[in-house]
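K.L.:
structure of the sequence below:
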Amino acid sequence: MANRYANQIVQYVSAPGYTPRPIRQIGEELGIENEEYEAFEDSFNHLIMADRLSLDNNSLVRRPAPASELIGTIRITRRRFGFLQPDSPTEYGDLFIPARYTGNAMTGDRVRAKLIPRRQSTRDGHAPFVGRVTEILKRVDKQYVGTLKTRRSLWLVEVDGNDLNEPVVVRNAQTKEAVEGDKVIIELIQYPSEDQLGEGAITEILGPQGKPSVETVAVMRAYGLEPQFPSTVLNEARNTVQKFDIQSIGKRVNLREHLICTIDPPDAKDFDDAISIERQVDKTGNQTYELGVHIADVAHFVPLGSELDHEAYRRGNSVYLPRKVVPMLPDILSNGICSLQEGVDRACKSVFIRYDSKGHILGQRFMNSLIHSSKRLTYLEAQAVIDDDLHGAGRHARGKPTYSDALVAMLKTMAELAGIIHARRRRQGMIELELPDPELNFDTNGHLKGVTPQDQSYTHKIIEMFMVEANETVARFFDRIPMIRRIHAEPQQNNMDSLRRLLRISGQVIPLNPNREELQKLLANTRGTSIQQAVHLAILQTMSRAEYSPVHREHYALASDHYTHFTSPIRRYPDLVVHRILDVYLSHNEAHGRSGGQNKRRLMQDVRNDSRILADESLVDLCRHCSSTERNAEAAERDLKEFFILQLLSNQVGDDCPGIVSGISRDGIFVQLDKYLTDGFVPIADLPGTQGDRWRHDAKSACLVSQRSRATIAVGHRLDVRIVKVNPAARQLELIAISQPTRPGRRTSGVRLAQKKMMKPKQTKRKRRK
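P.N.:
Numbering: from 1, shown residues only. You can find the predicted model right below:
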């Protein structure tokens, strides 16, 4: 088939940082076997004939010059500029579309965009052109959530989120018995234009705005999150459970006598990973470890092509909202028969990894297993046990606070091995950012009581290290099998330039093009100091998003050449797909009894040719879809958390808070409040300074500069602010500065209360997911 590898090749060549190279080298980097090379070369020829690739005079593969226009799906931000995701990947990724060129396009629309050269040349990784929407090919089909308002004789709905900046006129509010302040669902009848508001019809009334349960439903509806499953899916899940007999589950390795435990948050219900560990001695007398990572065998209960599978694919992942989970699988599976609960037999996919005393991998083995979790532990409970505080452990327990000597010893061995692995991964160049995440504490009525940083006990790092090792081991073992991978591109040069300028302003210096080791040194030198948060925040902003891809590329932050997601199949569809690949391998391995050398090559050839392995085109679509559902879930989680925090702050207008500058724009600065871990906006007119002074946005240094004193404000600077206006429904928090911004570690001075107030939309910063 001429285009068998076409999408995989295009994804590879279109990735950031690609440089022209020979076809043979690309084949090697994609893991193409010799017997497959002819088909691979045919795909290349097909792409060249279609003008999607070109060969230069040195037979190096290059991307062709971009077309004069692109077609794809657009995403509009609150500030009205947009990004076009092209149907076919390009060298520069998504296309930036300035606000003046978005026309009437709305998020989700399929559009045609003309490429327009930038006014200034660029050599920093940015595209040399921007886009202008010339045609809306298809409007997005969706419902919108908003708050009902009256203005004179008109009923209007102010739509939540970024989709519509202007309100929508509705004419059926009274017939629906809606009242002002209700959260409602609308469908558009007439789309907005440059000189006319859109018109819609109310299809559902959710209830009064501000009520926690109403706002939760509103977010779910706005992001297309469906808490209920279709009856066909539920019936299939029930039938699966009723037919299941743990005693006749097939040829599985019996691990029920092994000491195995789970470590999770106190409110967890879907336990999809468990751990075992043994300290061993090899033939030469050297100490070794064998780590067992046991993952719920969801693939056994969710066959490919079933109703359950189709629904899990559509959802892509579970979504963890405050006080509400929207699961990928029905509860009877996710919180029931698949969940590795204490004291019951469960089917697993087990990965055993052997390590030497320095954390280097000596070998691995995979199996379908049957386990019996001996203990369910929370993070703080396990940490207390490791610290020999059994009384304190009991305070954090969700089960009986009993801890056998064997369990205590196992937890300490886990901490020991995790520390060794952690040190090895640091030597490899793993980048670790330590930025606080908010933990929301609610009362019995669902109202937020307070915000605290999530606990950072070392047991979190133990489980993180073990899951990363399992994911990496699986990805490395199947490095020549087409599969869904987790990749993370290295920071582009323009982002590093911005970081260097920001750090210079904060009193730090890094080399022109810092490598991982130099970034690690910067993080280590500032860890535990007053500038830690500033430095970590600045480095975070240089990082791209991790995403799913069929292309074999590195995960930069983890310093891993092979990475995938394998350890959470209850809540992530990509993990379920990887489990099916492992099933294919295990079935061929059992049938042929092959291992090592030529036998392994023949075995992997059989696996690659198995019809259950996804074709290239399907894999590309799967990766795009799962990356999209993940982004949607993150946005929904962030959106609802933001609402609850702002609702709490609405009772604290006039309070003063210390904070850190988290973002810079030409209109002002974003400040993250220390106590509440949320961002507010300080308009540029409300920044401190002498009378008549003005602040100017310097795009090159990514900071604001005082025209009179030449003082600067940059990410990481600290200042005190006052809460002046809060709009939870619109996710807006307005602040004014009451002190001079200072570099981290310096004392604040020059208190001044700004007089003029103006409202700007709030933006939030994302934590990058691994």
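K.L.:
buried ones in stretch 151-167?
P.N.:
Residues of stretch 151-167 classed as buried: Trp155, Leu156, Val157, Glu158, Val159, Asp160, Gly161, Asn162, Asp163, Leu164, Pro167 (neighbour count, 16 or more other Cβ atoms under 10 Å). Glycine gets a C-beta too; all of them are placed from N, C-alpha and C.
K.L.:
any chance of the residues you listed in TSV, with distance to Asp686 and secondary structure too?
P.N.:
TSV is the format used below for the buried residues of stretch 151-167 (distance: Cβ to Cβ, whole Å; DSSP: H, G, I helix; E, B strand; the rest coil):
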residue	distance to Asp686	secondary structure
Trp155	34	strand
Leu156	29	strand
Val157	30	strand
Glu158	24	strand
Val159	28	strand
Asp160	26	coil
Gly161	26	coil
Asn162	24	coil
Asp163	28	coil
Leu164	27	coil
Pro167	27	coil
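K.L.:
which members of the residues you listed are the farthest-apart pair?
P.N.:
Spanning the widest gap among those are Trp155 and Asn162, at 22.7 Å by Cβ to Cβ.
K.L.:
quick one: buried residues of stretch 97-105?
P.N.:
Using 16+ other Cβ under 10 Å as the test for burial, stretch 97-105 gives Ile97, Tyr101, Thr102, Gly103, Ala105.
K.L.:
quick check: the fourth one touching Val133?
P.N.:
Put plainly, it is Gly103. Yes: under the criterion of Cβ atoms under 8 Å, Gly103 makes contact with Val133 at 4.4 Å.
K.L.:
domain-wise, how is this structure divided?
P.N.:
What automatic domain parsing lists as the domains of the chain is 6-62, 69-138, 144-209, 645-737.
K.L.:
pick the most deeply packed of those domains.
P.N.:
The highest average neighbour count among the domains of the chain, using mean count of other Cβ atoms under 10 Å, belongs to domain 645-737 at a mean of 19.
K.L.:
gap between the two ends of it?
P.N.:
End-to-end span of domain 645-737 (Cα to Cα, to the nearest Å): 20 Å.
K.L.:
in the stretch 601-750 of the chain, which spans are helices?
P.N.:
Here the stretch 601-750 of the chain has its helices, by DSSP state H, counting those that start in this stretch, at 616-649.
K.L.:
point out where it drops to low pLDDT.
P.N.:
Applying pLDDT under 70 to the stretch 601-750 of the chain flags the ranges 690-692, 744-750.
K.L.:
go again using 50 as the cut-off
P.N.:
746-750 (pLDDT under 50).
K.L.:
please enumerate the strands of it.
P.N.:
Ranges of strands within the stretch 601-750 of the chain are 656-665, 668-673, 679-683, 695-698, 703-706, 712-713, 718-727, 732-737, based on DSSP state E, counting those that start in this stretch.
K.L.:
next one: stretch 315-333 to chain centre, how far?
P.N.:
Relative to its chain's centre, stretch 315-333 lies at 16 Å (Cα atoms, centre = their mean, to the nearest Å).
K.L.:
pull up the distance across it, start to finish.
P.N.:
End-to-end distance for stretch 315-333: 15 Å, by Cα to Cα.
K.L.:
which of the residues in it are classified as buried?
P.N.:
Here stretch 315-333 shows 315-322, 324-330, 332-333 as buried, counting by 16+ other Cβ under 10 Å.
K.L.:
tell me the mean pLDDT for it?
P.N.:
Across stretch 315-333, pLDDT averages out at 97.
K.L.:
show me what the one helix or strand Lys183 maps to packs onto, helices and strands only.
P.N.:
Element membership for Lys183, per DSSP states H and E: strand 182-190. Other elements packing on strand 182-190 under the criterion 3 or more Cβ pairs under 8 Å, 6 or more residues apart in numbering; DSSP states H and E are strand 144-151, strand 154-159, strand 168-170, strand 198-208, helix 212-222.
K.L.:
buried stuff in stretch 333-342?
P.N.:
Leu333, Ser334, Asn335, Gly336, Ile337, Cys338, Ser339, Leu340, Gln341, Glu342.
K.L.:
stretch 461-478 too?
P.N.:
461-463, 465-475, 477-478.
K.L.:
how far away from the center of its chain is that stretch?
P.N.:
That offset, for stretch 461-478, works out to 17 Å (Cα atoms, centre = their mean).
K.L.:
what's in contact with that stretch?
P.N.:
Contact with stretch 461-478 is made by 263, 273, 275, 291, 293, 295, 351, 353, 361, 364, 366, 379, 382, 414-415, 418, 421-422, 425, 483, 485-486, 558, 560-567, 578, 581-582, 585, 607, 770, as judged by Cβ atoms under 8 Å, 6 or more residues apart in numbering.
K.L.:
need the contact list for Ala289.
P.N.:
If you look again at residue 289, you'll see it is Tyr, not Ala. Ile277, Glu278, Arg279, Gln280, Arg354, Tyr355, Thr413, Leu417.
K.L.:
nearest to Val217, of those?
P.N.:
Nearest to Val217, judged by Cβ to Cβ, of the contacts of Tyr289 is Ile277 at 43.4 Å.
K.L.:
so the closest one makes contact with Gly292?
P.N.:
Yes: Ile277 sits in contact with Gly292 when judged by Cβ under 8 Å, with a separation of 6.7 Å.
K.L.:
is Gly207 in a bridge, and if so with what?
P.N.:
For Gly207, the beta-bridge partners are Lys183 (DSSP bridges).
K.L.:
how near is it to Asn727?
P.N.:
Look at Gly207 and Asn727: by Cβ to Cβ, to the nearest Å, they are 19 Å apart.
K.L.:
hang on, Tyr458 packs against Ala415?
P.N.:
Yes: the pair Tyr458 / Ala415 is scored as a contact, 6.7 Å apart, by Cβ under 8 Å.
K.L.:
need the overlap of contacts for those two.
P.N.:
Contact criterion Cβ under 8 Å, 6+ apart; residues shared by Tyr458 and Ala415: Ile386.
K.L.:
neighbour count winner among the two?
P.N.:
Set Tyr458 next to Ala415 and count neighbours by other Cβ atoms under 10 Å: Ala415 wins out with 19 against 15.
K.L.:
name the element the more buried one belongs to?
P.N.:
Per DSSP H and E, Ala415 falls inside helix 405-428.
K.L.:
who touches the closest residue to Thr452 other than its chain neighbours in this structure?
P.N.:
Counting by Cβ to Cβ, 6 or more residues apart in numbering, the nearest residue to Thr452 once its immediate chain neighbours are dropped is Glu439, at 5.1 Å. Applying Cβ under 8 Å, 6+ apart to Glu439 gives the contacts Val451, Thr452, Pro453, Gln454, Asp455.
K.L.:
ends of stretch 156-172, how far apart?
P.N.:
End-to-end distance of stretch 156-172 (Cα to Cα): 11 Å.
K.L.:
typo on my end, it should be stretch 545-565
P.N.:
End-to-end distance for stretch 545-565, by Cα to Cα: 15 Å.
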